[in-house]
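J.: From the sequence below, what's the structure:
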Amino acid sequence: MQTHANVPLKILTWHIHGNYLYYLTQVPCQFFLPVKPGNPEGYGGRSPSFNWGENVHEIPADQVKHMEFDIILFQSKKNYLEDQYEMLSPAQRKLPRIYLEHDPPREVPTDTLHPVDDPSMLLVHVTHFNKLMWNNNRTPSTVIEHGVIIPERTNYTGNKDKGIVVINNIGKRGRRLGLDIFMEVRRHVPLDLVGMGADEVGGLGEISPLELPAFIADYRFFFNPIRYTSLGLAVCEAMLTGLPIVGLATTEMAITIENGVSGYIHTEIDFLIKKMQLLLDDPLWAAKLGEGAQTAAREKFNISRFTQDWLGAFRFAIAQANDRKASVII
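T.: Numbering: from 1, shown residues only. You can find the predicted model right below:
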């Protein structure tokens, strides 16, 4: 568990959200991803959609218990409640442990108990809204806001007189992800939809993560119809690309977008439709709001800040485990 300052930490984690994992692996640590034949959920390893660094390693799941790690990073209930007992040795289950919670509670937002209730662990939320909604039990909790990067020389043009929506499987996920809102708004405003399963509801299909920023840069604005979920990385990437953002004033969006500065948010759909029509009619104003969104993203979603926050979380988890070990010895 003790590591020298010049030796990167060894982190065992699972492939749960590819985009987030890609950004997480920008942290100067060695990341080990368990894989299984057929790549079942959580065991996809180095998927071909991303340019993984040399610090990202695949290991057969049945070999994990024979390896040494500094930290175990859970990213789902299955990781925490099932996978660790099937895959980790008893000694590994005593290592510093962090649970990365990607989402707000799905059941009752104000009263749902988080599956982790362990004062010896660290619970990391990706938004302040998520931390606010979960009952975090006895587990120490913190927030590490998103950090994103986009390919260099990706510049907003806004040349297309359309809005762009980026959501995976919106048809299957329904009202929570705003399928009905998207369908209604599309009757009044030209919108394109991309993402997994987008073609099932009249969208364009899936665009690879590496190509997405350049693809959306030509659209006039980015529309986020999602009612209730975490802050999507697609929103952060669109802001950094320089698109003005239009969306619902719910969850973390309420403190991410500022009306008339980086885009428009509201809980009234007709208000948002009027603002989208304004952006279509006034490309210069759209570009001005896009500059505001980009400025906000460069500060709020800075990848350097993100990596430093994660290094701090890793140090906290290790110090916490060391303190626990010392108290047992005493």
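J.: Buried residues, the stretch of helix or strand residue 284 belongs to. List them.
T.: Element membership of residue 284 [criterion: DSSP states H and E] is helix 283-300. By neighbour count on 16 or more other Cβ atoms under 10 Å, the buried set for helix 283-300 is 286, 287, 289, 290, 292, 293, 294, 296, 297, 300. Every residue, glycine included, has its C-beta placed from N, CA and C.
J.: how about the nearest residue to the third one once chain neighbours are set aside, what does it touch?
T.: Leaving aside its chain neighbours, residue 289 sits nearest to residue 244 (3.6 Å; criterion: Cβ to Cβ, 6 or more residues apart in numbering). Taking Cβ atoms under 8 Å, 6 or more residues apart in numbering as the definition of contact, the neighbours of residue 244 are 220, 221, 222, 262, 263, 264, 279, 286, 289, 290, 292, 293.
J.: Give me the pLDDT for residue 244.
T.: Residue 244 is assigned a predicted lDDT (pLDDT) of 98.
J.: Now it: phi and psi?
T.: Main-chain torsions, residue 244, degrees, to the nearest 10: phi -70, psi 150.
J.: same deal with residue 219?
T.: Per-residue torsions, residue 219: phi -80, psi 150 (degrees, to the nearest 10).
J.: That one contacts residue 166, correct?
T.: No. Residue 219 lies out of contact with residue 166 (Cβ atoms under 8 Å); the separation is 10.1 Å.
J.: which helix in the protein runs the most residues?
T.: Using DSSP state H, we find that the single longest helix of the chain is helix 303-329.
J.: That one packs against which elements?
T.: Here helix 303-329 touches helix 18-24, strand 71-74, strand 97-101, strand 122-125, going by 3 or more Cβ pairs under 8 Å, 6 or more residues apart in numbering; DSSP states H and E.
J.: angle of the third one against helix 303-329?
T.: This means strand 97-101. Strand 97-101 runs at 140 degrees relative to helix 303-329, counting by axes from the mean of the first three to the mean of the last three Cα atoms, to 10 degrees.
J.: now for the helix holding residue 284, which elements pack on it?
T.: Using 3+ Cβ pairs under 8 Å, 6+ apart: helix 283-300 touches strand 219-224, helix 233-241, strand 263-266, helix 269-281.
J.: Average pLDDT for it, rounded please.
T.: 98.
J.: Not counting that helix itself, show me its contacts.
T.: Outside helix 283-300, the residues that reach it (Cβ under 8 Å, 6+ apart) are 145, 148, 156, 158, 220-221, 236, 238-245, 256-258, 260-263, 278-280.
J.: If any of those residues are buried, put those into a ChimeraX selection.
T.: Buried members of these, defined by 16+ other Cβ under 10 Å, are picked up in ChimeraX with:
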select :145,148,156,158,220,221,236,238,239,240,241,242,243,244,245,256,257,262,263,279,280
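J.: Just put the contacts of residue 244 in TSV and tack on distance to residue 30.
T.: Below are the contacts of residue 244 laid out as TSV (distance: Cβ to Cβ, whole Å):
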residue	distance to residue 30
220	42
221	40
222	35
262	37
263	38
264	43
279	44
286	43
289	41
290	38
292	38
293	34
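J.: Which member of the residues you listed is positioned nearest residue 89?
T.: residue 222 (45.7 Å; Cβ to Cβ).
J.: got the contact list for the closest one?
T.: Contacts for residue 222 were tallied using Cβ under 8 Å, 6+ apart; they are 163-166, 216, 234-235, 238-239, 243-246, 263.
J.: next one: residue 120
T.: 97, 320, 321, 324.
J.: quick one: pLDDT of the first one?
T.: The predicted local distance difference test score for residue 97 is 97.
J.: Please report how far it lies from residue 37.
T.: Using Cβ to Cβ, to the nearest Å, residue 97 is found at 27 Å from residue 37.
J.: Same question for the third one.
T.: For residue 321, the distance to residue 37 (Cβ to Cβ) stands at 33 Å.
J.: Those two - which one has more neighbours?
T.: residue 321 (20 against 8; other Cβ atoms under 10 Å).
J.: quick one on the thing from earlier: just send the contacts of residue 222 back as JSON lines, with distance to residue 90 too.
T.: Conversion of the contacts of residue 222 to JSON lines gives the following (distance: Cβ to Cβ, whole Å):
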{"residue": "163", "distance to residue 90": "53"}
{"residue": "164", "distance to residue 90": "49"}
{"residue": "165", "distance to residue 90": "47"}
{"residue": "166", "distance to residue 90": "43"}
{"residue": "216", "distance to residue 90": "48"}
{"residue": "234", "distance to residue 90": "40"}
{"residue": "235", "distance to residue 90": "42"}
{"residue": "238", "distance to residue 90": "45"}
{"residue": "239", "distance to residue 90": "45"}
{"residue": "243", "distance to residue 90": "50"}
{"residue": "244", "distance to residue 90": "53"}
{"residue": "245", "distance to residue 90": "48"}
{"residue": "246", "distance to residue 90": "51"}
{"residue": "263", "distance to residue 90": "51"}
